[in-house]
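1. What shape does this take:
(2 chains)
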Amino acid sequence: MEGQNGCDKLKANFTIISFTGVLLILAVFFIVFERRKPKAKEIIPIAVMCAVASVSRVIFNFMPQVQPVTVIVIIMGACFGKQSGFMTGALSALVSNMILGHGFWTPFQMLAWGIVGFVAGIFADMKLSGSMVFMCIYAFISALLYGLIADFWTIAFMAGENLTWGIVLSVYSAGLLFNIVHGIGNVVFMIVFYKIFMEKFERISEKYGVGY
Amino acid sequence: MRNRFSDYPAWIILIYFLGVTTFSILFTHPFFVLISFGIGILYFALLNGIKKLLIQIVIMLPTVLFLGVITPFVNNKGVTPILYVNSRPIMLESVLYGVFTGIMIITIIVWFSCFHKTLGNDKFLYLFGKRFPVTALTVTMIFRFIPYFKLKLLEISSAQRMLGVSTSAGKLSDRIRNGGQILSALVSVSLEGAIETAGSMTARGFGLSRRTSYQRDSFSYVQITILFAAIALIITFFIMYANGILSFYYFPTLAEFEMGAIEVLMLCLYALYLIMPIAIMVGNEVYWKVKMGVIN
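-> Numbers count the residues shown, from 1 in each chain, chains lettered A, B, ... in the order given. The predicted structure is shown next:
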(Lines give C-alpha, C1' and ligand atoms only; values in the text may rest on other atoms or scores of the structure.)
Protein backbone atom coordinates (compact mmCIF):
# COMPACT_ATOMS: atom_id res chain seq x y z
CA MET A 1 0.00 0.00 0.00
CA GLU A 2 2.83 2.28 0.96
CA GLY A 3 4.62 1.51 -2.28
CA GLN A 4 1.42 2.07 -4.24
CA ASN A 5 1.15 5.52 -2.73
CA GLY A 6 4.73 6.30 -3.63
CA CYS A 7 4.14 5.29 -7.23
CA ASP A 8 1.11 7.54 -7.44
CA LYS A 9 3.18 10.42 -6.18
CA LEU A 10 5.93 9.65 -8.66
CA LYS A 11 3.40 9.85 -11.46
CA ALA A 12 1.86 13.00 -10.12
CA ASN A 13 4.92 15.22 -10.00
CA PHE A 14 3.88 17.71 -12.60
CA THR A 15 7.25 19.47 -12.85
CA ILE A 16 9.13 16.36 -13.92
CA ILE A 17 6.36 15.17 -16.24
CA SER A 18 6.04 18.42 -18.15
CA PHE A 19 9.82 18.85 -18.43
CA THR A 20 10.26 15.33 -19.77
CA GLY A 21 7.25 15.78 -22.05
CA VAL A 22 8.65 18.93 -23.61
CA LEU A 23 12.04 17.28 -24.11
CA LEU A 24 10.37 14.34 -25.86
CA ILE A 25 8.37 16.61 -28.19
CA LEU A 26 11.57 18.48 -29.07
CA ALA A 27 13.38 15.20 -29.65
CA VAL A 28 10.67 14.08 -32.09
CA PHE A 29 11.03 17.28 -34.12
CA PHE A 30 14.81 17.08 -34.17
CA ILE A 31 14.84 13.38 -35.08
CA VAL A 32 12.43 13.96 -37.97
CA PHE A 33 14.73 16.73 -39.18
CA GLU A 34 17.86 14.57 -38.84
CA ARG A 35 16.22 11.58 -40.54
CA ARG A 36 15.58 13.61 -43.67
CA LYS A 37 19.34 14.11 -44.00
CA PRO A 38 19.08 17.81 -44.88
CA LYS A 39 21.44 19.21 -47.45
CA ALA A 40 24.00 21.92 -46.72
CA LYS A 41 21.86 24.35 -48.72
CA GLU A 42 19.01 23.81 -46.30
CA ILE A 43 20.85 24.12 -43.04
CA ILE A 44 22.93 27.15 -44.02
CA PRO A 45 19.99 29.59 -44.14
CA ILE A 46 18.88 28.28 -40.74
CA ALA A 47 22.33 28.83 -39.24
CA VAL A 48 22.63 32.27 -40.85
CA MET A 49 19.23 33.45 -39.68
CA CYS A 50 19.74 32.14 -36.14
CA ALA A 51 22.98 34.10 -35.97
CA VAL A 52 21.32 37.16 -37.52
CA ALA A 53 18.49 36.88 -34.99
CA SER A 54 21.01 36.88 -32.18
CA VAL A 55 23.10 39.74 -33.66
CA SER A 56 19.99 41.80 -34.41
CA ARG A 57 19.56 42.26 -30.67
CA VAL A 58 22.63 44.51 -30.92
CA ILE A 59 21.02 46.70 -33.59
CA PHE A 60 17.78 47.12 -31.68
CA ASN A 61 19.13 47.43 -28.18
CA PHE A 62 17.75 50.96 -28.02
CA MET A 63 14.40 49.27 -27.41
CA PRO A 64 14.90 46.86 -24.53
CA GLN A 65 12.50 43.89 -24.24
CA VAL A 66 11.59 44.16 -27.91
CA GLN A 67 13.56 41.95 -30.28
CA PRO A 68 13.00 40.87 -33.85
CA VAL A 69 13.71 37.18 -33.12
CA THR A 70 10.07 36.06 -33.29
CA VAL A 71 9.51 37.86 -36.59
CA ILE A 72 12.67 36.38 -38.11
CA VAL A 73 11.48 32.92 -37.04
CA ILE A 74 8.04 33.53 -38.60
CA ILE A 75 9.51 34.75 -41.88
CA MET A 76 11.86 31.76 -42.01
CA GLY A 77 8.90 29.44 -41.50
CA ALA A 78 6.90 31.25 -44.17
CA CYS A 79 9.74 31.21 -46.74
CA PHE A 80 11.58 27.95 -46.16
CA GLY A 81 8.82 25.75 -44.76
CA LYS A 82 7.65 24.24 -41.48
CA GLN A 83 10.80 22.42 -40.51
CA SER A 84 13.16 25.30 -41.21
CA GLY A 85 10.89 27.53 -39.18
CA PHE A 86 10.93 25.11 -36.29
CA MET A 87 14.69 24.68 -36.39
CA THR A 88 15.34 28.42 -36.58
CA GLY A 89 13.12 29.04 -33.57
CA ALA A 90 14.39 26.16 -31.47
CA LEU A 91 18.07 26.76 -32.24
CA SER A 92 17.82 30.53 -31.67
CA ALA A 93 16.52 29.79 -28.19
CA LEU A 94 19.15 27.11 -27.59
CA VAL A 95 22.04 29.29 -28.70
CA SER A 96 20.94 32.40 -26.84
CA ASN A 97 20.63 30.29 -23.69
CA MET A 98 24.08 28.81 -24.33
CA ILE A 99 25.36 32.38 -24.12
CA LEU A 100 23.11 33.65 -21.34
CA GLY A 101 23.00 30.44 -19.31
CA HIS A 102 20.74 27.44 -19.44
CA GLY A 103 17.82 26.88 -17.17
CA PHE A 104 14.64 24.94 -16.86
CA TRP A 105 13.13 27.38 -19.31
CA THR A 106 15.48 26.40 -22.18
CA PRO A 107 13.38 23.50 -23.59
CA PHE A 108 10.16 25.45 -23.09
CA GLN A 109 11.51 28.46 -24.99
CA MET A 110 12.90 26.19 -27.70
CA LEU A 111 9.51 24.55 -28.13
CA ALA A 112 7.67 27.90 -28.01
CA TRP A 113 9.75 29.58 -30.73
CA GLY A 114 9.90 26.34 -32.69
CA ILE A 115 6.11 26.01 -32.74
CA VAL A 116 5.77 29.68 -33.77
CA GLY A 117 8.00 28.97 -36.80
CA PHE A 118 6.26 25.67 -37.53
CA VAL A 119 2.79 27.24 -37.54
CA ALA A 120 4.09 29.99 -39.85
CA GLY A 121 5.18 27.21 -42.20
CA ILE A 122 1.72 25.65 -42.06
CA PHE A 123 0.16 29.01 -42.99
CA ALA A 124 2.61 29.30 -45.87
CA ASP A 125 1.48 25.87 -47.08
CA MET A 126 -2.08 27.19 -47.00
CA LYS A 127 -0.93 30.12 -49.17
CA LEU A 128 -1.81 32.62 -46.47
CA SER A 129 1.70 34.05 -46.08
CA GLY A 130 1.35 36.29 -49.12
CA SER A 131 -0.94 38.65 -47.29
CA MET A 132 0.76 41.31 -45.23
CA VAL A 133 -2.32 41.86 -43.05
CA PHE A 134 -2.56 38.19 -42.22
CA MET A 135 1.14 38.03 -41.33
CA CYS A 136 0.77 41.03 -39.01
CA ILE A 137 -2.16 39.38 -37.25
CA TYR A 138 -0.20 36.18 -36.90
CA ALA A 139 2.81 38.14 -35.62
CA PHE A 140 0.64 39.47 -32.81
CA ILE A 141 -0.97 36.11 -32.02
CA SER A 142 2.38 34.36 -32.12
CA ALA A 143 3.52 36.45 -29.15
CA LEU A 144 0.59 35.05 -27.17
CA LEU A 145 1.35 31.55 -28.47
CA TYR A 146 4.96 31.99 -27.41
CA GLY A 147 3.85 33.16 -23.96
CA LEU A 148 1.44 30.26 -23.64
CA ILE A 149 4.21 27.70 -24.10
CA ALA A 150 7.21 29.53 -22.64
CA ASP A 151 5.42 30.62 -19.46
CA PHE A 152 4.40 27.04 -18.90
CA TRP A 153 7.65 26.33 -17.12
CA THR A 154 6.61 28.67 -14.30
CA ILE A 155 3.34 26.78 -13.97
CA ALA A 156 5.12 23.45 -14.07
CA PHE A 157 7.30 24.67 -11.25
CA MET A 158 4.69 26.25 -9.06
CA ALA A 159 2.29 23.37 -9.44
CA GLY A 160 4.62 20.69 -8.12
CA GLU A 161 2.24 17.92 -7.19
CA ASN A 162 -1.05 19.80 -7.25
CA LEU A 163 -1.96 21.68 -10.38
CA THR A 164 -4.86 24.07 -9.95
CA TRP A 165 -6.62 26.50 -12.26
CA GLY A 166 -5.67 29.24 -9.84
CA ILE A 167 -1.97 28.75 -10.54
CA VAL A 168 -2.50 28.58 -14.30
CA LEU A 169 -4.59 31.74 -14.35
CA SER A 170 -2.29 33.70 -12.08
CA VAL A 171 0.83 32.88 -14.10
CA TYR A 172 -0.77 33.66 -17.44
CA SER A 173 -2.38 36.87 -16.23
CA ALA A 174 0.96 37.99 -14.76
CA GLY A 175 2.61 37.43 -18.14
CA LEU A 176 -0.18 38.85 -20.29
CA LEU A 177 1.07 42.44 -20.34
CA PHE A 178 4.59 41.36 -21.38
CA ASN A 179 3.16 39.18 -24.12
CA ILE A 180 1.00 41.99 -25.47
CA VAL A 181 4.02 44.33 -25.58
CA HIS A 182 5.94 41.55 -27.32
CA GLY A 183 3.06 41.18 -29.78
CA ILE A 184 2.96 44.90 -30.61
CA GLY A 185 6.73 44.86 -31.14
CA ASN A 186 6.27 41.89 -33.49
CA VAL A 187 3.70 43.74 -35.59
CA VAL A 188 6.04 46.73 -35.93
CA PHE A 189 8.93 44.51 -36.97
CA MET A 190 6.71 42.56 -39.33
CA ILE A 191 5.71 45.79 -41.11
CA VAL A 192 9.36 46.86 -41.40
CA PHE A 193 10.88 43.49 -42.34
CA TYR A 194 8.24 41.55 -44.18
CA LYS A 195 8.77 42.90 -47.69
CA ILE A 196 12.55 43.26 -47.36
CA PHE A 197 13.03 39.70 -46.18
CA MET A 198 10.55 38.08 -48.54
CA GLU A 199 12.19 39.73 -51.54
CA LYS A 200 15.63 38.77 -50.35
CA PHE A 201 14.76 35.14 -49.73
CA GLU A 202 12.94 34.83 -53.02
CA ARG A 203 15.90 36.37 -54.82
CA ILE A 204 18.29 34.00 -53.08
CA SER A 205 16.23 30.95 -53.82
CA GLU A 206 15.88 32.00 -57.46
CA LYS A 207 19.58 32.70 -57.78
CA TYR A 208 20.88 29.60 -56.02
CA GLY A 209 17.86 27.31 -55.84
CA VAL A 210 17.76 27.17 -52.05
CA GLY A 211 14.82 25.85 -50.08
CA TYR A 212 12.24 23.23 -50.83
CA MET B 1 40.26 27.11 -7.33
CA ARG B 2 39.93 25.30 -10.61
CA ASN B 3 36.69 23.48 -11.34
CA ARG B 4 38.17 19.99 -11.63
CA PHE B 5 34.75 18.44 -12.09
CA SER B 6 34.57 20.02 -15.54
CA ASP B 7 37.56 17.89 -16.61
CA TYR B 8 35.41 14.80 -16.06
CA PRO B 9 33.90 12.93 -19.01
CA ALA B 10 30.77 14.64 -20.32
CA TRP B 11 28.50 11.68 -19.50
CA ILE B 12 29.42 11.71 -15.81
CA ILE B 13 28.71 15.43 -15.57
CA LEU B 14 25.36 15.04 -17.34
CA ILE B 15 24.20 12.12 -15.17
CA TYR B 16 25.30 13.88 -12.01
CA PHE B 17 23.45 17.10 -12.75
CA LEU B 18 20.33 15.29 -13.98
CA GLY B 19 20.27 13.60 -10.59
CA VAL B 20 20.73 16.88 -8.74
CA THR B 21 17.92 18.67 -10.55
CA THR B 22 15.51 15.72 -10.40
CA PHE B 23 15.92 15.25 -6.67
CA SER B 24 15.86 18.95 -5.98
CA ILE B 25 12.36 18.88 -7.45
CA LEU B 26 11.19 15.59 -5.95
CA PHE B 27 12.38 16.11 -2.36
CA THR B 28 10.06 18.78 -1.07
CA HIS B 29 10.89 18.40 2.59
CA PRO B 30 12.25 21.71 3.92
CA PHE B 31 15.49 20.13 5.20
CA PHE B 32 16.21 18.56 1.81
CA VAL B 33 15.33 21.76 -0.02
CA LEU B 34 17.55 23.82 2.23
CA ILE B 35 20.52 21.46 2.00
CA SER B 36 20.35 21.45 -1.80
CA PHE B 37 20.01 25.23 -1.74
CA GLY B 38 22.98 25.67 0.61
CA ILE B 39 25.36 23.42 -1.27
CA GLY B 40 24.23 24.82 -4.62
CA ILE B 41 24.99 28.34 -3.42
CA LEU B 42 28.39 27.21 -2.11
CA TYR B 43 29.29 25.59 -5.42
CA PHE B 44 28.08 28.65 -7.29
CA ALA B 45 30.23 30.89 -5.08
CA LEU B 46 33.28 28.68 -5.63
CA LEU B 47 32.78 28.84 -9.41
CA ASN B 48 31.80 32.49 -9.81
CA GLY B 49 33.07 34.29 -6.73
CA ILE B 50 31.22 35.95 -3.88
CA LYS B 51 30.46 39.14 -5.77
CA LYS B 52 28.52 37.37 -8.52
CA LEU B 53 26.70 35.31 -5.91
CA LEU B 54 25.52 38.46 -4.14
CA ILE B 55 24.29 39.94 -7.42
CA GLN B 56 22.47 36.69 -8.18
CA ILE B 57 20.83 36.69 -4.74
CA VAL B 58 19.61 40.26 -5.19
CA ILE B 59 18.10 39.27 -8.54
CA MET B 60 16.47 36.11 -7.18
CA LEU B 61 15.20 37.24 -3.79
CA PRO B 62 12.04 38.83 -5.21
CA THR B 63 11.04 35.42 -6.64
CA VAL B 64 10.84 33.87 -3.19
CA LEU B 65 9.03 36.83 -1.71
CA PHE B 66 6.64 37.01 -4.67
CA LEU B 67 5.80 33.32 -4.45
CA GLY B 68 5.46 33.56 -0.67
CA VAL B 69 2.96 36.40 -1.09
CA ILE B 70 1.06 35.23 -4.18
CA THR B 71 0.63 31.53 -3.35
CA PRO B 72 -1.61 32.07 -0.29
CA PHE B 73 -3.98 34.12 -2.45
CA VAL B 74 -4.13 31.55 -5.23
CA ASN B 75 -4.15 28.51 -3.03
CA ASN B 76 -5.94 28.49 0.32
CA LYS B 77 -6.01 24.82 1.06
CA GLY B 78 -4.30 24.97 4.43
CA VAL B 79 -6.07 24.87 7.79
CA THR B 80 -4.03 27.20 10.01
CA PRO B 81 -5.03 30.81 9.38
CA ILE B 82 -2.41 33.34 10.43
CA LEU B 83 -3.91 36.50 8.97
CA TYR B 84 -7.13 37.74 7.41
CA VAL B 85 -7.11 39.95 4.32
CA ASN B 86 -10.58 41.21 3.32
CA SER B 87 -12.01 38.49 5.55
CA ARG B 88 -10.13 35.95 3.49
CA PRO B 89 -7.89 33.71 5.57
CA ILE B 90 -4.21 33.47 4.71
CA MET B 91 -3.05 30.01 5.60
CA LEU B 92 0.30 29.25 7.17
CA GLU B 93 0.67 26.13 5.03
CA SER B 94 0.23 28.11 1.83
CA VAL B 95 2.80 30.70 2.85
CA LEU B 96 5.33 28.01 3.70
CA TYR B 97 4.54 26.17 0.48
CA GLY B 98 5.07 29.36 -1.54
CA VAL B 99 8.32 30.25 0.17
CA PHE B 100 9.77 26.76 -0.23
CA THR B 101 8.66 26.57 -3.88
CA GLY B 102 10.50 29.86 -4.39
CA ILE B 103 13.62 28.51 -2.72
CA MET B 104 13.35 25.39 -4.85
CA ILE B 105 13.18 27.43 -8.06
CA ILE B 106 16.25 29.40 -7.02
CA THR B 107 18.02 26.18 -6.11
CA ILE B 108 17.36 24.79 -9.58
CA ILE B 109 18.49 28.01 -11.26
CA VAL B 110 21.70 28.01 -9.23
CA TRP B 111 22.41 24.36 -10.01
CA PHE B 112 21.70 24.95 -13.69
CA SER B 113 24.15 27.80 -13.68
CA CYS B 114 26.76 25.51 -12.11
CA PHE B 115 25.91 22.89 -14.74
CA HIS B 116 26.46 25.47 -17.47
CA LYS B 117 29.85 26.39 -16.00
CA THR B 118 30.88 22.76 -15.57
CA LEU B 119 29.70 21.25 -18.84
CA GLY B 120 31.13 23.67 -21.39
CA ASN B 121 29.51 24.22 -24.77
CA ASP B 122 32.06 21.97 -26.49
CA LYS B 123 31.13 19.05 -24.22
CA PHE B 124 27.44 19.84 -24.65
CA LEU B 125 27.81 19.59 -28.43
CA TYR B 126 29.89 16.44 -28.06
CA LEU B 127 27.13 14.80 -26.01
CA PHE B 128 24.37 15.51 -28.49
CA GLY B 129 26.50 15.61 -31.63
CA LYS B 130 26.46 11.86 -32.06
CA ARG B 131 22.71 11.53 -31.96
CA PHE B 132 21.91 14.84 -33.66
CA PRO B 133 24.84 15.45 -36.04
CA VAL B 134 23.14 18.02 -38.29
CA THR B 135 21.77 19.99 -35.36
CA ALA B 136 25.13 19.98 -33.61
CA LEU B 137 26.81 21.18 -36.80
CA THR B 138 24.23 23.94 -37.23
CA VAL B 139 24.77 25.11 -33.66
CA THR B 140 28.52 25.14 -34.19
CA MET B 141 28.06 27.22 -37.33
CA ILE B 142 25.81 29.66 -35.50
CA PHE B 143 28.51 30.13 -32.90
CA ARG B 144 31.01 30.88 -35.61
CA PHE B 145 28.63 33.23 -37.44
CA ILE B 146 27.76 35.37 -34.44
CA PRO B 147 31.19 37.06 -33.96
CA TYR B 148 31.65 37.23 -37.72
CA PHE B 149 28.31 38.95 -38.24
CA LYS B 150 29.02 41.35 -35.39
CA LEU B 151 32.15 42.41 -37.26
CA LYS B 152 30.20 42.76 -40.48
CA LEU B 153 27.53 44.71 -38.64
CA LEU B 154 30.17 47.19 -37.46
CA GLU B 155 31.34 47.71 -41.06
CA ILE B 156 27.79 48.07 -42.38
CA SER B 157 26.63 50.48 -39.70
CA SER B 158 29.68 52.73 -40.10
CA ALA B 159 29.16 52.78 -43.86
CA GLN B 160 25.46 53.55 -43.39
CA ARG B 161 26.21 56.29 -40.88
CA MET B 162 28.00 58.17 -43.64
CA LEU B 163 24.71 58.01 -45.56
CA GLY B 164 22.86 59.39 -42.56
CA VAL B 165 21.33 56.08 -41.57
CA SER B 166 21.79 55.41 -37.88
CA THR B 167 19.90 53.93 -34.96
CA SER B 168 21.48 56.10 -32.29
CA ALA B 169 19.52 59.32 -32.85
CA GLY B 170 16.25 60.64 -34.24
CA LYS B 171 12.60 59.70 -33.95
CA LEU B 172 11.71 56.21 -32.85
CA SER B 173 10.01 55.35 -36.14
CA ASP B 174 13.09 56.53 -38.09
CA ARG B 175 15.37 54.55 -35.84
CA ILE B 176 13.34 51.39 -36.36
CA ARG B 177 13.35 51.94 -40.13
CA ASN B 178 17.11 52.57 -40.11
CA GLY B 179 17.61 49.45 -38.01
CA GLY B 180 15.63 47.54 -40.63
CA GLN B 181 17.84 48.88 -43.40
CA ILE B 182 21.03 47.88 -41.59
CA LEU B 183 19.63 44.45 -40.82
CA SER B 184 18.60 44.04 -44.42
CA ALA B 185 22.14 44.75 -45.62
CA LEU B 186 23.49 42.31 -43.04
CA VAL B 187 21.13 39.55 -44.18
CA SER B 188 22.03 40.07 -47.85
CA VAL B 189 25.77 39.97 -47.28
CA SER B 190 25.70 37.03 -44.89
CA LEU B 191 23.24 34.89 -46.87
CA GLU B 192 25.21 35.35 -50.09
CA GLY B 193 28.43 34.46 -48.31
CA ALA B 194 26.88 31.49 -46.59
CA ILE B 195 25.49 30.05 -49.82
CA GLU B 196 29.06 29.97 -51.08
CA THR B 197 29.98 28.13 -47.90
CA ALA B 198 27.20 25.63 -48.54
CA GLY B 199 28.50 24.99 -52.05
CA SER B 200 31.99 24.46 -50.74
CA MET B 201 30.71 22.12 -48.05
CA THR B 202 28.88 20.01 -50.60
CA ALA B 203 31.99 19.97 -52.78
CA ARG B 204 33.97 18.62 -49.86
CA GLY B 205 31.52 15.81 -49.32
CA PHE B 206 29.13 17.06 -46.65
CA GLY B 207 26.58 14.45 -45.72
CA LEU B 208 28.30 11.62 -47.54
CA SER B 209 29.43 9.85 -44.39
CA ARG B 210 29.38 10.22 -40.65
CA ARG B 211 31.55 12.89 -39.13
CA THR B 212 33.60 12.06 -36.09
CA SER B 213 33.85 14.37 -33.16
CA TYR B 214 37.28 14.29 -31.65
CA GLN B 215 37.12 14.37 -27.93
CA ARG B 216 38.95 11.79 -25.96
CA ASP B 217 37.17 10.73 -22.84
CA SER B 218 39.48 8.60 -20.80
CA PHE B 219 38.16 7.44 -17.46
CA SER B 220 40.51 7.40 -14.50
CA TYR B 221 39.88 5.12 -11.52
CA VAL B 222 38.74 8.05 -9.40
CA GLN B 223 36.27 9.07 -12.09
CA ILE B 224 34.85 5.56 -12.39
CA THR B 225 34.46 5.41 -8.60
CA ILE B 226 32.64 8.75 -8.63
CA LEU B 227 30.37 7.57 -11.46
CA PHE B 228 29.40 4.37 -9.66
CA ALA B 229 28.89 6.18 -6.37
CA ALA B 230 26.64 8.72 -8.09
CA ILE B 231 24.58 6.02 -9.82
CA ALA B 232 24.25 4.00 -6.61
CA LEU B 233 23.05 7.07 -4.73
CA ILE B 234 20.60 8.01 -7.48
CA ILE B 235 19.08 4.51 -7.40
CA THR B 236 18.87 4.61 -3.58
CA PHE B 237 17.08 7.95 -3.65
CA PHE B 238 14.63 6.73 -6.26
CA ILE B 239 13.79 3.59 -4.28
CA MET B 240 13.31 5.64 -1.13
CA TYR B 241 11.15 8.12 -2.97
CA ALA B 242 9.03 5.42 -4.60
CA ASN B 243 8.44 3.86 -1.20
CA GLY B 244 7.14 7.15 0.09
CA ILE B 245 9.81 7.36 2.78
CA LEU B 246 10.91 10.87 1.80
CA SER B 247 7.51 12.19 0.82
CA PHE B 248 6.41 15.44 2.37
CA TYR B 249 3.26 17.43 1.85
CA TYR B 250 2.01 20.83 2.91
CA PHE B 251 -1.74 20.36 2.58
CA PRO B 252 -4.10 20.20 4.36
CA THR B 253 -1.66 20.31 7.28
CA LEU B 254 2.10 20.02 7.18
CA ALA B 255 3.11 16.38 7.03
CA GLU B 256 4.38 15.01 10.28
CA PHE B 257 7.85 14.13 9.22
CA GLU B 258 9.78 12.25 11.81
CA MET B 259 13.51 12.47 11.46
CA GLY B 260 14.14 8.82 12.22
CA ALA B 261 17.36 6.95 11.54
CA ILE B 262 16.53 6.33 7.85
CA GLU B 263 15.62 9.95 7.22
CA VAL B 264 18.81 11.26 8.85
CA LEU B 265 20.84 8.73 6.89
CA MET B 266 19.11 9.84 3.67
CA LEU B 267 19.79 13.46 4.47
CA CYS B 268 23.49 12.67 4.98
CA LEU B 269 23.66 10.65 1.75
CA TYR B 270 21.91 13.47 -0.10
CA ALA B 271 24.40 15.97 1.26
CA LEU B 272 27.22 13.63 0.25
CA TYR B 273 25.83 13.40 -3.28
CA LEU B 274 25.45 17.15 -3.63
CA ILE B 275 28.86 17.97 -2.23
CA MET B 276 30.71 15.69 -4.69
CA PRO B 277 31.91 18.40 -7.16
CA ILE B 278 33.12 20.59 -4.32
CA ALA B 279 34.85 17.60 -2.74
CA ILE B 280 36.54 16.88 -6.08
CA MET B 281 37.72 20.47 -6.35
CA VAL B 282 39.03 20.63 -2.80
CA GLY B 283 40.43 17.11 -2.92
CA ASN B 284 42.42 17.84 -6.05
CA GLU B 285 43.70 21.08 -4.59
CA VAL B 286 44.87 19.33 -1.41
CA TYR B 287 46.43 16.52 -3.43
CA TRP B 288 48.27 19.08 -5.53
CA LYS B 289 49.52 20.99 -2.47
CA VAL B 290 50.76 17.77 -0.85
CA LYS B 291 52.60 16.75 -4.01
CA MET B 292 54.12 20.21 -4.31
CA GLY B 293 55.18 19.92 -0.68
CA VAL B 294 56.99 16.66 -1.45
CA ILE B 295 58.88 18.31 -4.33
CA ASN B 296 59.86 21.32 -2.32
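
2. What spatial separation is found between B:Asp174 and chain A?
-> The spacing between B:Asp174 and chain A, counted by C-beta to the nearest C-beta, to the nearest Å, is 11 Å. Where you see a C-beta, it was placed from the backbone N, CA and C, and this is true even at glycine.

3. Show the backbone phi and psi for that residue.
-> With angles defined as degrees, to the nearest 10, B:Asp174 sits at phi -60, psi -40.

4. Report how many residues lie close to it.
-> 13 (other C-beta atoms under 10 Å in any protein chain shown).

5. And for the one 4 residues further on?
-> For B:Asn178, the count of nearby residues is 23 (other C-beta under 10 Å).

6. now the helix or strand hosting it: mean pLDDT?
-> Take DSSP states H and E as the rule and B:Asn178 turns out to sit in helix B:172-203. Average pLDDT, helix B:172-203: 84.

7. do stretch A:71-79 as well
-> Mean predicted confidence for stretch A:71-79 is 91.

8. just stretch B:144-161 next, same as before
-> Regarding stretch B:144-161, the rounded mean pLDDT is 89.

9. swap in stretch B:270-285?
-> Averaged over stretch B:270-285, pLDDT sits at 92.

10. B:Ile90 looks like it's in a helix, true?
-> No: under DSSP: H, G, I helix; E, B strand; the rest coil, B:Ile90 sits outside any helix and is assigned strand.

11. I figured it hits B:Ile70, correct?
-> No: in this structure, B:Ile90 is not within contact of B:Ile70 by C-beta atoms under 8 Å, at 11.4 Å.

12. which is the next helix or strand following the helix holding B:Asn178?
-> Next along from helix B:172-203, by DSSP H and E: helix B:221-242.

13. buried ones in that next one?
-> B:223, B:226-227, B:230, B:233-234, B:237, B:240-242 (16 or more other C-beta atoms under 10 Å in any protein chain shown).

14. quick one: pLDDT of the residue most central in space within chain A?
-> The residue lying closest to the centre of chain A (C-alpha atoms, centre = their mean) is A:Trp113, at 0.4 Å. Per-residue pLDDT puts A:Trp113 at 94.

15. which secondary element of chain A has the worst mean pLDDT?
-> When the helices and strands of chain A are scored by mean pLDDT, DSSP states H and E, helix A:2-12 comes last with a mean of 43.

16. Tell me the gap between the helix or strand following that one and the middle of its chain.
-> Next in sequence after helix A:2-12, counting helices and strands by DSSP H and E, comes helix A:14-35. Its chain's C-alpha centre and that of helix A:14-35 lie 14 Å apart, by C-alpha atoms, centre = their mean, to the nearest Å.

17. who touches the closest residue to B:Ser190 other than its chain neighbours in this structure?
-> When the adjacent residues along the chain are set aside, B:Ser190 lies closest to A:Val48, with 5.3 Å between them (C-beta to C-beta, 6 or more residues apart in numbering or on different chains). By C-beta atoms under 8 Å, 6 or more residues apart in numbering or on different chains, A:Val48 lies in contact with B:145, B:187, B:190-191, B:194.

18. again, only using 7 Å
-> For A:Val48, the contact set (C-beta atoms under 7 Å, 6 or more residues apart in numbering or on different chains) comprises B:145, B:190-191, B:194.

19. ok, now B:Phe149?
-> So B:Phe149 contacts A:51-52, A:55, B:186, B:190 (C-beta under 7 Å, 6+ apart).

20. relative orientation of the helix or strand where it lies and helix A:14-35 in degrees?
-> Assessed by DSSP H and E, B:Phe149 sits inside helix B:133-162. Helix B:133-162 and helix A:14-35 are oriented at 90 degrees to each other (axes from the mean of the first three to the mean of the last three C-alpha atoms, to 10 degrees).

21. Give me the mean pLDDT for the one helix or strand A:Leu91 maps to.
-> Using DSSP H and E, A:Leu91 sits within helix A:82-100. Helix A:82-100 comes out with an average pLDDT of 89.
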